[in-house]
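Chemist: when you get a sec, could you give me coordinates for this:
(one chain, ligands or ions: 1)
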Amino acid sequence: MSVGRSERWIPAAAVLLLAIVLATGCAASVKKEKKETVRIGVTLYDQYDTFISELMNCFSEQVQEKQNSLGVMISLEVMDAAGSQSTQNDQVKTLIEKGCDVICVNLVDRTEPTTITDMAEKAGVPIIFFNRELVAEDLERWDRLYYVGADAFQSGTMQGELAAAAFQSLKGADKNGDGICQYVVLEGEPGHQDATVRTELSTQALIDQGLELEKLGYAIANWNRAQAQTKFAQTLTQYKDRIELVLANNDDMALGAIDALKAAGISREDWPIIVGIDGTAVGLAAVENKEMYGTIYNDKEGQAEAMMNLASALALGESLDDLKIKDGHYIRLDYKTITAVGEASDSGDFLVTR
Ligand code: GAL
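Modeler: Below you'll find the model as predicted:
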């Protein structure tokens with residue numbers, strides 16, 4: 001039987017096709033296509049929160065550095081949920097639809113991550129939660145959920161130790177000389193892990209340092225300077241010069257207390273000892289000019305860098321081995337204690353005491 005022209009052509013074409021498939025398939029397995037653009041979405045619980053906005057400035061710097069070091073274009077989209085969890089859920093949906101490779105979520109309500117994690121898992125987009133810590137069970141629901149933040153327990157203990165050292169060493173700290181430290185707490189948002197834990201552990205550390213305490217009052221001021229000023233003004237009216245120590249869950253609220261002391265015309269030497277947490281630019285300035293005794297530095301640079309390294313590794317499918325991820329989900333940065341150099345010095349530098 002003679003072989004027709006078309007029948008001879010078919011095996012030749014098949015061989016050619018096979019060669020092409022093998023060649024391209026081979027190339028793909030040897031060299032993975034390099035991603036040209038990494039898309040990172042971010043949604044914030046409140047873009048006007050002082051610490052969060054400073055953290056985001058650091059993150060933007062990290063984006064620039066990463067672009068330069070990796071030679072990859074990074075497109076960053078930041079959204080503000082303005083305190084609404086349902087707005088934030090919609091934002092995550094939009095960011096997924098826009099093709100983000102990874103989304104960083106500063107949860108509005110740390111007890112409500114489920115809508116976000118379900119959407120992300122369905123779309124296969126990893127999520128880096130940061131700053132507002134969700135409970136472990138929620139984070140463990142999918143292996144591509146992460147948390148970057150600091151250890152709230154550490155900040156509370158360090159603040160209490162700092163306050164104890166101040167109360168024990170500063171002349172006139174015990175204003176009425178009764179040997180008891182009369183104090184007021186300014187608390188962050190109810191239900192926020194940092195607020196609850198900082199309040200509890202800072203007072204515990206004061207007790208552990210041998211101080212006898214009398215709590216005159218506490219006020220919830222939601223991390224906010226203006227709210228803290230209003231609330232602390234009321235406390236001042238009630239307790240006048242009896243307050244010896246103000247433990248503020250963050251610097252902005254410590255500054256609110258300072259605003260209230262100034263507005264009430266109380267002279268500087270009659271102010272209570274005031275300690276904050278965060279080390280924001282305004283907080284550090286208040287430590288430098290000795291209005292605030294000290295603060296506990298919330299390492300925004302370290303957190304931004306950890307978020308960026310994790311985000312780019314996830315987006316590019318690189319190894320996470322060097323990122324110091326604990327229990328498969330957590331990256332935590334340490335706090336530092338900050339006071340002005342030597343209490344009597346005017347140098348304006350900062351002493352990292354721990
Ligand atoms: C805390 C910080 C506060 C506030 C809060 C927002 O870690 O100390 O100042 O920014 O986060 O979640």
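Chemist: show me which residues of the stretch 51-200 of the chain are close to the ligand?
Modeler: Residues of the stretch 51-200 of the chain lying close to the ligand by C-beta under 6 Å from any ligand atom are 51, 52, 131, 132, 192, 194. All C-beta spots, glycine's among them, are computed from the backbone N, C-alpha and C.
Chemist: tell me which element the residue of the stretch 51-200 of the chain found nearest the ligand is part of?
Modeler: Distances between the stretch 51-200 of the chain and the ligand by C-beta to the nearest ligand atom are smallest at residue 51, namely 3.3 Å. Assessed by DSSP states H and E, residue 51 sits inside helix 50-70.
Chemist: could you do residue 91 as well?
Modeler: helix 85-97.
Chemist: just to revisit the earlier point, I'd say the residue of the stretch 51-200 of the chain closest to the ligand and residue 280 touch.
Modeler: Yes - Residue 51 sits in contact with residue 280 when judged by C-beta atoms under 8 Å, with a separation of 5.8 Å.
Chemist: now do the shared contacts for those two.
Modeler: Any residue near both residue 51 and residue 280 by C-beta atoms under 8 Å, 6 or more residues apart in numbering counts here, and that gives 251, 252.
Chemist: and the closest residue to the ligand within the stretch 101-250 of the chain, how many neighbours does it have?
Modeler: Taking C-beta to the nearest ligand atom, the ligand has its nearest neighbour within the stretch 101-250 of the chain at residue 250, 3.5 Å off. The number of residues packed near residue 250 is 33, by other C-beta atoms under 10 Å.
Chemist: what does residue 190 give?
Modeler: Here the count is done by other C-beta under 10 Å, and residue 190 has 9 residues near it.
Chemist: name the nearest residue to residue 302, sequence neighbours excluded.
Modeler: residue 333 (4.1 Å; C-beta to C-beta, 6 or more residues apart in numbering).
Chemist: doesn't residue 306 make contact with the one you found?
Modeler: Yes - with contact taken as C-beta under 8 Å, residue 333 and residue 306 are classed as touching, separated by 6.6 Å.
Chemist: now for those two: what residues contact both?
Modeler: Contact with both residue 333 and residue 306 is made by residues residue 148, according to C-beta under 8 Å, 6+ apart.
Chemist: the more surrounded of the two?
Modeler: Here residue 333 and residue 306 are set side by side on neighbour count (other C-beta under 10 Å), and the busier one is residue 306, at 23 against 20.
Chemist: contacting residues for that one?
Modeler: Residues touching residue 306, when contacts are defined by C-beta under 8 Å, 6+ apart, comprise 148, 323, 331, 333.
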